[in-house]
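S.K.: show me how the following folds:
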Amino acid sequence: MIKTFIYRNIINVYVERNSPVGAVIKTVSAIDADNNQNGQVSYSILQSNSNSLPLSTMVNINSETGDIVSLQSFNYEELNTFQFKVQATDSGVPPLSSNVTVNVLILDENDNNPTILAPYSEHGSVNSESIPYSAEAGYFVAKIRAVDADSGYNALLSYHLSEPKGNNFFRIGTSSGEIRTKRRMNDNDLKTHPLVVLVSDNGEPSLSAAVSIDVVVVESTAYIQTQFRHVPTKEESFSDLNLYLLIAIVSVSVIFLLSLISLIAVKCHRTDGSFSRYSAPMITTHPDGSWSYSKSTQQYDVCFSSDTMKSDVVVFPGPFPPVDGELISINGGDTFTRTQTLPNSDKRSDDKERLSCLVVEMP
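M.R.: The predicted structure follows:
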């Protein structure tokens with residue numbers, strides 16, 4: 001008869017990360033109340049289906065002593081826990097056995113320092129915070145935040161003011177990282193208080209990171225702002241918003257320029273059309289010997305005939321010229337003299353009459 005291993009059904013085994021190969025991680029034992037050969041117990045490992053790797057490459061057990069030996073160095077990032085069963089069997093006929101479940105937990109090694117988060121930074125840079133002279137006790141100054149890439153207790157962080165020693169004006173929350181004032185400011189206090197905050201983890205050995213903050217006392221809260229004295233390592237590039245704004249401005253400018261050019265072109269086209277329609281003044285002669293003159297500007301055109309001594313002022317509100325007229329174009333100038341042969345009702349011979357015309361422009 002075999003009793004359960006150490007009277008328990010589950011055993012938890014903690015293994016250090018990167019432990020040496022061949023190290024004994026646990027020894028199990030079972031008790032058999034029988035005598036002689038029936039009381040002899042042997043140990044074996046039962047394969048578990050819950051493991052990603054075969055147990056034969058991970059652990060082994062001494063069948064006589066119950067020593068569980070590691071067959072590899074465990075990496076916490078790749079494997080942090082696995083499970084198997086150990087069976088104890090006696091030598092009786094028929095043999096009797098009992099099982100126990102073994103949970104192997106890989107411990108994370110404390111190999112990562114805490115990291116200070118923005119807006120504060122480490123690596124020797126100094127940050128500045130301002131508080132008003134009238135600040136009461138408990139006034140909030142700043143909050144330091146940090147993270148640790150380790151896990152478990154190795155990732156638990158605590159905050160302390162390492163400098164100045166014996167500080168009686170500021171305090172920091174051990175777990176929160178909030179810096180607050182202990183009391184009101186007096187005239188004997190300094191105007192600038194350099195502080196060094198130490199962030200430590202709970203690993204063995206403990207790792208830490210530090211950040212420096214200068215707390216400046218000002219007369220008014222209007223000057224309170226956070227300043228960073230470290231120089232950026234590289235220039236900041238345009239953000240997406242700045243890029244979209246630049247594209248919009250360029251697009252609007254191009255559209256405006258094209259609209260202006262189109263407007264000027266339309267104006268010029270209309271002006272050229274007006275000139276082509278109205279630029280040339282005309283003289284019209286009729287078969288009956290009469291004649292007329294027209295110019296499409298705001299002016300009066302007076303013509304004198306040498307034989308009739310008559311003058312006519314002709315304005316054409318309708319279509320021009322008449323279908324039965326002969327046109328003579330005047331190309332520029334306000335005064336011209338031109339000889340035109342006009343038919344006479346009394347004389348239809350080769351006699352020619354001279355015609356002089358004076359164009360007088362009225363305001």
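
S.K.: drop to CA atoms for contacts and neighbour counts, all remaining ones
M.R.: Fine.

S.K.: next, count neighbours for Leu46.
M.R.: Leu46: 14 surrounding residues under other C-alpha atoms under 10 Å.

S.K.: try Ile264
M.R.: By other C-alpha under 10 Å, the residues close to Ile264 number 10.

S.K.: helix, strand, or coil at it?
M.R.: helix (DSSP: H, G, I helix; E, B strand; the rest coil).

S.K.: tell me the pLDDT of it.
M.R.: Per-residue pLDDT puts Ile264 at 91.

S.K.: gap between it and Val252?
M.R.: Separation of Ile264 from Val252 (C-alpha to C-alpha, to the nearest Å) stands at 19 Å.

S.K.: point out where the stretch 1-150 of the chain drops to low pLDDT.
M.R.: 1-7, 49-51, 122-125 (pLDDT under 70).

S.K.: how about the strands in it?
M.R.: Using DSSP state E, counting those that start in this stretch, the strands of the stretch 1-150 of the chain run over residues 10-16, 24-27, 41-46, 59-61, 67-70, 81-90, 97-107, 115-116, 126-132, 140-143, 146-147.

S.K.: could you give the bridge partners of the closest residue to Asn80 other than its chain neighbours?
M.R.: Spatial nearest neighbour of Asn80, excluding adjacent residues (C-alpha to C-alpha, 6 or more residues apart in numbering): Ile106 at 4.8 Å. Under the criterion DSSP bridges, Ile106 forms beta bridges with Val15.

S.K.: what residues are up against Ile106?
M.R.: For Ile106, the residues meeting the contact criterion (C-alpha atoms under 8 Å, 6 or more residues apart in numbering) are Tyr14, Val15, Glu16, Arg17, Phe74, Asn75, Tyr76, Leu79, Asn80, Thr81.

S.K.: let me see the contact set for the third one.
M.R.: Under the criterion of C-alpha under 8 Å, 6+ apart, the neighbours of Glu16 are Ile106, Leu107, Asp108, Glu109.

S.K.: gap between it and Asn110?
M.R.: According to C-alpha to C-alpha, Glu16 stands 11 Å off from Asn110.

S.K.: same check on the fourth one?
M.R.: With distances taken as C-alpha to C-alpha, Arg17 is found 10 Å from Asn110.

S.K.: more neighbours, those two?
M.R.: The neighbour count for Arg17 versus Asn110, taken as other C-alpha under 10 Å, is higher for Asn110 (22 against 19).

S.K.: in this structure that one contacts Gly152, no?
M.R.: No: Asn110 is not in contact with Gly152 according to C-alpha atoms under 8 Å; the separation is 9.7 Å.

S.K.: related to what we said a few turns ago, can you tell me which of the contacts of Ile106 are classed as buried?
M.R.: Listed as buried from these are Val15, Glu16, Arg17, Phe74, Asn75, Tyr76, Thr81; burial here means 16 or more other C-alpha atoms under 10 Å.

S.K.: any chance of those residues in TSV, with distance to His193 too?
M.R.: Shown next, in TSV, are the buried ones among the contacts of Ile106 (distance: C-alpha to C-alpha, whole Å):
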residue	distance to His193
Val15	47
Glu16	44
Arg17	43
Phe74	48
Asn75	45
Tyr76	43
Thr81	48
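
S.K.: and which of these is nearest Asn38?
M.R.: Distance to Asn38 across the buried ones among the contacts of Ile106 (C-alpha to C-alpha) is lowest for Val15, with 34.2 Å.

S.K.: got the contact list for that closest one?
M.R.: By C-alpha under 8 Å, 6+ apart, the contact set of Val15 is Ile25, Val104, Leu105, Ile106, Leu107.

S.K.: domain map for the chain?
M.R.: According to automatic domain parsing, the chain comprises the domains 5-107, 115-228, 282-360.

S.K.: how far does stretch 24-37 stretch from start to finish?
M.R.: End-to-end distance for stretch 24-37: 28 Å, by C-alpha to C-alpha.

S.K.: an error on my part: the question was meant for stretch 79-95.
M.R.: 36 Å.

S.K.: give me the residues contacting it.
M.R.: The contact list for stretch 79-95, computed with C-alpha under 8 Å, 6+ apart, reads 1-2, 30, 32, 37-48, 50-51, 55, 96-107.

S.K.: how about 7 Å then?
M.R.: Stretch 79-95 is contacted from outside by 30, 37-48, 51, 96-106, using C-alpha atoms under 7 Å, 6 or more residues apart in numbering.

S.K.: which non-adjacent residue is nearest Gly203?
M.R.: Residue nearest to Gly203 in three dimensions, not counting chain neighbours: Asn154, with 4.3 Å by C-alpha to C-alpha, 6+ apart.
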